[in-house]
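Visitor: Here's my sequence, what's the structure:
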Amino acid sequence: MKQLAHLVLEDGTIFQGITAGVEGETVGEIVFNTAMTGYQEILTDPSYSGQIISFTCPHIGNVGTNKIDEESDKIYANGIIVRSISYQDSNFRSTENLSQYIKKKNIIAITDVDTRKITHILRKYGSQYGCIQSAKYMNIQNAFKKIEINKNIKKNNPIISIGTKNIKKWNIENSQYKYTKKIFHVIVFDFGIKTSILNILEAKGCKITLIPFDTPINIILSLKPSGILLSNGPGDPRSYYTAIKNIKKLLNFSIPIFGICLGHQILALSLGSKIIKMKFGHHGSNHPVQNIQTKRVFITTQNHNFVIDPKTIQKNMLITHISLFDKTIQGITLKNHPSFSFQGHPESNPGTHDIQKLFDIFINNMKNKEKFICPKETI
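Guide: Below you'll find the predicted structure:
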């Protein structure tokens, strides 16, 4: 039997719908994702921690869910909004339908709402918080109170990393690459990394050690890294004070650094640039990005609410990629150090794989770190 639910936005807009997940109520910053597929990879992306995802694709769930497509072991998003959810799954890899999956993960979701209107509101007025309440929790005044409380909590206690709390070697059981010869030792600042990034590094011959965001520099150096990866993750990059300070120190050494998404922003901050919040962010798998030197265009996966302020680009930085949606900075490289970063998700999950070759640049930087020459162009 279908249970009623509603979504309350902080601007007072109310959407009536149907519960698709567990019973309860949840609050978070609403972001809309424009991907047409790959909903399971999106849901399990740790970067969505604290947010509610609204899918612009009108119907999701057709191919069900499975363990292999997970980017982490849980759904980090606070809630899910969809126009229509499929309660039947049709794919040979599926182990359960999407509704069963999100209930098992204890996630609150609402369906049968006008997601086009939600997207229009966010694009016109900017990002805002919302509250989903299922039938027995439906109380509009309580929803507004919870939204204000949540906003204040996030303002005064911003998310700072949901990654590992201890230094640990990464080893996925039954990995198809476990017998690949490991040539490089990559230290990963784990702010909330996606599994597919680790899979790609392992496939390219990397032994991986995950470290907490606040690991002291002397311990990092004692691990003898071939290269350092600054991972994706949730929250405002400006809140990662300790990581920014340590990465600034690491730039005094010849260790190649590769920043992804949040890591891209943190690298820029460590170089002296500033970060600004976007009106409604980039979230989807269909974002065109251009290499400004070669003019090549790549379709990319994106998930971020912050960007580098172009007015604060430093003398030792080169802008390599821009978004063709709004000209925001998508990639940088350093003139005097074997390090670079990319705003999108180069592991390309849930798709496409256009920009995945950035990992090869990182590998080449580790191979040639003692012979560094500032790249005249990237892919």
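
Visitor: Now do the strands in the stretch 51-200 of the chain.
Guide: 51-55, 59-60, 79-81, 84-85, 108-111, 128-134, 168-169, 184-189 (DSSP state E, counting those that start in this stretch).

Visitor: The longest one - contacts with which helices or strands?
Guide: Contact analysis of strand 128-134 by 3 or more CB pairs under 8 Å, 6 or more residues apart in numbering; DSSP states H and E lists strand 4-9, strand 25-33, strand 108-111, helix 140-156 as its packing neighbours. Placement of C-beta: from N, CA and C, glycine included.

Visitor: Please export the C-alpha coordinates of that strand as PDB.
Guide: Output of strand 128-134 as PDB, limited to C-alpha atoms (Å, rounded to 0.1, in the frame of the first residue of the first chain):
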ATOM      1  CA  GLN A 128      18.400  25.600  -0.800                       C
ATOM      2  CA  TYR A 129      17.600  23.100   2.000                       C
ATOM      3  CA  GLY A 130      14.600  20.800   2.100                       C
ATOM      4  CA  CYS A 131      12.900  18.300   4.300                       C
ATOM      5  CA  ILE A 132      11.200  15.000   3.300                       C
ATOM      6  CA  GLN A 133       8.600  13.600   5.700                       C
ATOM      7  CA  SER A 134       6.700  10.400   5.300                       C
END
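
Visitor: ok, and what's touching that strand?
Guide: 3-11, 19, 22-30, 52, 79, 81, 108-110, 121-122, 139, 142-144, 146-147, 150-151 (CB atoms under 8 Å, 6 or more residues apart in numbering).

Visitor: Now with 6 Å, please.
Guide: Contact with strand 128-134 is made by 3, 5-10, 19, 23-27, 29-30, 52, 79, 108, 110, 143, 146-147, 151, as judged by CB atoms under 6 Å, 6 or more residues apart in numbering.

Visitor: quick one: it to strand 4-9, angle?
Guide: Calculated by axes from the mean of the first three to the mean of the last three CA atoms, to 10 degrees, strand 128-134 forms an angle of 170 degrees with strand 4-9.

Visitor: What strands flank strand 128-134, and is each parallel or antiparallel?
Guide: strand 4-9 (antiparallel), strand 25-33 (antiparallel) (DSSP bridges).

Visitor: Same check on the third one?
Guide: Each strand paired with strand 79-81, and its direction, by DSSP bridges: strand 51-55 (parallel), strand 108-111 (parallel).
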